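**Q** Let me see the structure of the following:
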Amino acid sequence: MSVNPMAYEAQFFGFTPQTCMLRVYAAFQDYLFDMMLVVETVILKKLEGLSECGISPLHIRKSTEKFLLFLQENFDELFGKMEEMLLQLVLNIPKNVLLPEDKVHKDYPYSKEQFQALQDEIHQLQEQYKAEVSAGQALRAELEEQKVVQAELEKILQCFVGLENICREHWNCSFRESFAFLTPSLKKLQDKLKDVEEKSKKIKKHD
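**A** Take a look at the predicted model:
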């Protein structure tokens, strides 16, 4: 059996030529064994009525095994020559033949350095793509947060609009004017609260 891997032939045929030859060899061997069993059975049947010949079934079996060994030795020699011829002339792709799927390598040849540079560029593009995907996810998350904040601001705006309407309806002024009017009063109220708190602390200390 040839030790040449014949990878290019395997690419074309879909199987290695050595595997093909091995299966052919196994098929011949099976056929040879079956044939010898048939021959042995026929001989035994012919000798059933000839008991005076003195040939026993054991003798027939030994003779059959010797003949089978002789056939195997000669078959192996002939098969070796047939295998060599088939692997060289039938199952072999000449060195000058290029398969259709490999023509792209001929039209666009690349050295190892160029191929490595291409691999590095592909890796860099993959990293950039991952970074862009991550940035896109972050932007989408930020956009969702902005939507939540916008919804809250709209609620606050509605509150101010409601206050504005109340001020105009009851006090005949805008919310801004009412707020400006109430601010001094609120400041005075805060001052009064501070005075009360200070006096309360003094009373507690005195007690």
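**Q** can you tell me which helix in the protein is longest?
**A** The residue-count maximum for a helix in the chain (DSSP state H) belongs to helix 112-170.
**Q** on contacts alone, who are the packing partners of that one?
**A** Contacting helix 112-170 under the criterion 3 or more Cβ pairs under 8 Å, 6 or more residues apart in numbering; DSSP states H and E are the following elements: helix 175-206. The way it works is simple: take the backbone N, C-alpha and C, and place the C-beta from them, glycine included.
**Q** Tell me the spacing between the residue positioned nearest the centre of the chain and Gln29.
**A** Nearest to the mean C-alpha position of the chain, counting by Cα atoms, centre = their mean, stands Gln126 at 15.9 Å. From Gln126 across to Gln29, the span is 53 Å (Cβ to Cβ, to the nearest Å).
**Q** same thing with Glu83?
**A** From Glu83 to Gln29 the distance is 14 Å (Cβ to Cβ).
**Q** Next: Cys159.
**A** Taking Cβ to Cβ, one finds Cys159 at 96 Å from Gln29.
**Q** how far does stretch 11-18 stretch from start to finish?
**A** Across its full length, stretch 11-18 reaches 13 Å end to end, with Cα to Cα, to the nearest Å as the criterion.
**Q** ugh, wrong one, I meant stretch 89-102
**A** Counting by Cα to Cα, you get 22 Å between the two ends of stretch 89-102.
**Q** Can you point out the buried residues in that stretch?
**A** Leu91 (16 or more other Cβ atoms under 10 Å).
**Q** Using the record's assignment, carve this protein into domains.
**A** 7-107, 155-200 (the TED database).
**Q** so where's this protein uncertain?
**A** 1-5, 49-54, 160-193, 195-197, 199-207 (pLDDT under 70).
**Q** same thing but 80
**A** Counting by pLDDT under 80, the chain contains low-confidence ranges at 1-6, 8, 47-57, 97-112, 115, 153-207.
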